[in-house]
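1. Okay, here's the prediction I keep looking at, along with the sequence it came from:
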Amino acid sequence: VVGTPGRILDHLLKRTLSLEHLEMLIFDEADRMLSMGFYPDMKRIQKYLPARRLNSCMFSATFPPHVVRTASEFIHKGEFISLSEDHVHVTDTEHVFYTVPGMDKDRSLIRIIEIENPASALIFCNTKAEVHYVSTVLQNFGYDADELTSDLPQKDRDRVLERVRKKTLRFLVATDVAARGLDIPDLSHVIQYEPSKDLEDYIHRAGRTGRVGKAGVAMTLVTHVETFVLDRIAKKYSIDLQQWPLPTDADVAAVVSERVTALLEARLRDRDAQKTERSKRFVSLGRSLAENEDESAIIAMLLDDYYQQMLHAPLPQPSEPSKAPSDKGQKKPRTGASRNRPRPRNKKRR
């Protein structure tokens, strides 16, 4: 049986599917199955699994730290197997870059963040003015972002760093003042809005993620003129830099639609009979709004407001690992620093 979490759960609730004789459980694109939208459904499906030992596998190109922790709820002491073209090992940090239009770099950043949907990210800029600009762009778009520069008063700097330590700040935009000595636990993404002027600074910036053996991804946005800087960095430090295609508006719309549909379907299943009956008052109105092109903007507004609200909700925290005996047959996936996004196509290496 192959299906999405929502459809599998629907059949389980309707008793048209039984997992009594299940022998193998496979999570494909596991980083997405255990991320926003799908996680609640996965926990409900877990209640229908047999109590006996199962051969369970999770597959994904890479894994962000919070998903690795959450995976322990489904696989007890699973083994990590990392596969690449010519060797087997765990890669702590992926190094990738996007070639972006110089006049559209801010919008490109937003599209990348929308696709990646990182639990947290440190965004580097070369100047204080750029830090303030990027931070403002993110805030205006509805993201929880703050800035850190050497000009920031000590009181404000302490406030920002306290939010970082408590993991209540999602995006920190900073100059290279944050490239050394700042330790952010479980930081999944480092994004360089522009390449550093000093080649060595690239290493310090990227080193903020993938710490203590944890997975991470270091991204750099470059214009066509700036690509030669990455060539020098890749050659000097023997870094395998991969080029990922820049997401389009259509890519973002597809991913966002998938997420919000999963969230809404899960919410619908949680409604009791009284709420379901009450909501029937609006079926006719909903159909009317959807059929009218002018009024469809109302539906789009409601979906956007709901998505923004859920997007910034705290990520579900994994429960304590089970003390049940280890399942030797269980395996965890290829690891790295994945995101809740489709795998990029046509990667180019440097």
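-> Yep, it's here.
2. How far does stretch 53-63 sit from its chain's centre?
-> Centroid separation between stretch 53-63 and its chain, computed with C-alpha atoms, centre = their mean, to the nearest Å, is 18 Å.
3. Relative to the whole chain's centre, how far out is the longest helix along the chain?
-> With DSSP state H applied, the helix covering the greatest number of residues in the chain is identified as helix 249-269. How far helix 249-269 lies from its chain's middle: 14 Å, per C-alpha atoms, centre = their mean.
4. Same check on stretch 301-311?
-> For stretch 301-311, the separation from the chain centroid amounts to 17 Å (computed by C-alpha atoms, centre = their mean).
5. Quick check: mean pLDDT of that stretch?
-> Average pLDDT, stretch 301-311: 86.
6. Could you do stretch 203-212 as well?
-> With pLDDT averaged residue by residue, stretch 203-212 scores 76.
7. Which neighbouring elements make contact with the longest helix of the chain?
-> Packing contacts for helix 249-269, counted by 3 or more C-beta pairs under 8 Å, 6 or more residues apart in numbering; DSSP states H and E, involve helix 5-14, helix 39-46, helix 105-116, helix 296-311. No exception for glycine: its C-beta is placed from N, CA and C like everyone else's.
8. right, and those - which one's nearest Phe80?
-> With C-beta to C-beta as the measure, helix 39-46 is the member of these nearest Phe80 (19.8 Å).
9. picking that back up, buried set for the longest helix of the chain?
-> The neighbour-count check on helix 249-269 (16 or more other C-beta atoms under 10 Å) flags 251-252, 255-256, 258-260, 262-266 as buried.
10. Need the contact partners of the very next helix or strand once past that helix.
-> As assigned by DSSP states H and E, the chain's next helix or strand after helix 249-269 is helix 273-279. Residues from elsewhere that reach helix 273-279, judged by C-beta atoms under 8 Å, 6 or more residues apart in numbering: Arg271.
11. what mean pLDDT does helix 273-279 have?
-> According to the model, helix 273-279 has a mean pLDDT of 92.
12. Would you mark the buried spots in it?
-> Residues of helix 273-279 classed as buried: none (neighbour count, 16+ other C-beta under 10 Å).
13. gap between that helix and the chain center?
-> 34 Å.
14. Tell me where the model's unsure across this structure.
-> 35-37, 61-66, 82-92, 181, 185, 210-214, 312-350 (pLDDT under 70).
15. need the helices for the stretch 1-150 of the chain, in chain order.
-> Using DSSP state H, counting those that start in this stretch, the helices of the stretch 1-150 of the chain run over 5-14, 30-33, 39-46, 65-71, 105-116, 128-140.
16. by contact count, what packs against the second one?
-> By that I understand helix 30-33. Against helix 30-33 (3+ C-beta pairs under 8 Å, 6+ apart) you get helix 65-71.
17. Give me the distance between the helix it packs on and the centre of its chain.
-> For helix 65-71, the distance to the chain centre is 11 Å (C-alpha atoms, centre = their mean).
18. when you give positions from now on, start the count at 635
-> From this message on, residue numbering opens at 635, which makes the last subject helix 699-705.
19. Which elements pack onto that helix?
-> In terms of contacts (3+ C-beta pairs under 8 Å, 6+ apart), helix 699-705 is packed against helix 664-667.
20. list the buried ones in the helix it packs on?
-> Using 16+ other C-beta under 10 Å as the test for burial, helix 664-667 gives 664-667.
21. Can you add distance to Val917 and give the helices and strands packed on helix 883-903 back as JSON lines?
-> Output for the helices and strands packed on helix 883-903, formatted as JSON lines (distance: least, C-beta to C-beta, whole Å):
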{"stretch": "helix 639-648", "distance to Val917": "19"}
{"stretch": "helix 673-680", "distance to Val917": "24"}
{"stretch": "helix 739-750", "distance to Val917": "31"}
{"stretch": "helix 930-945", "distance to Val917": "13"}
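22. and these as a markdown table, adding mean neighbour count and distance to Glu781?
-> Converted to a markdown table, the helices and strands packed on helix 883-903 look like this (neighbours: other C-beta atoms under 10 Å; distance: least, C-beta to C-beta, whole Å):
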| stretch | mean neighbour count | distance to Glu781 |
| --- | --- | --- |
| helix 639-648 | 16 | 37 |
| helix 673-680 | 18 | 31 |
| helix 739-750 | 19 | 14 |
| helix 930-945 | 13 | 21 |
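23. so which of those comes closest to Gly712?
-> Shortest distance between Gly712 and these, using C-beta to C-beta, is found for helix 673-680: 14.8 Å.
24. Tell me where the stretch 785-934 of the chain has helices.
-> With DSSP H, counting those that start in this stretch as the criterion, the stretch 785-934 of the chain has helices at 788-799, 833-840, 861-871, 883-903, 907-913, 917-925, 930-945.
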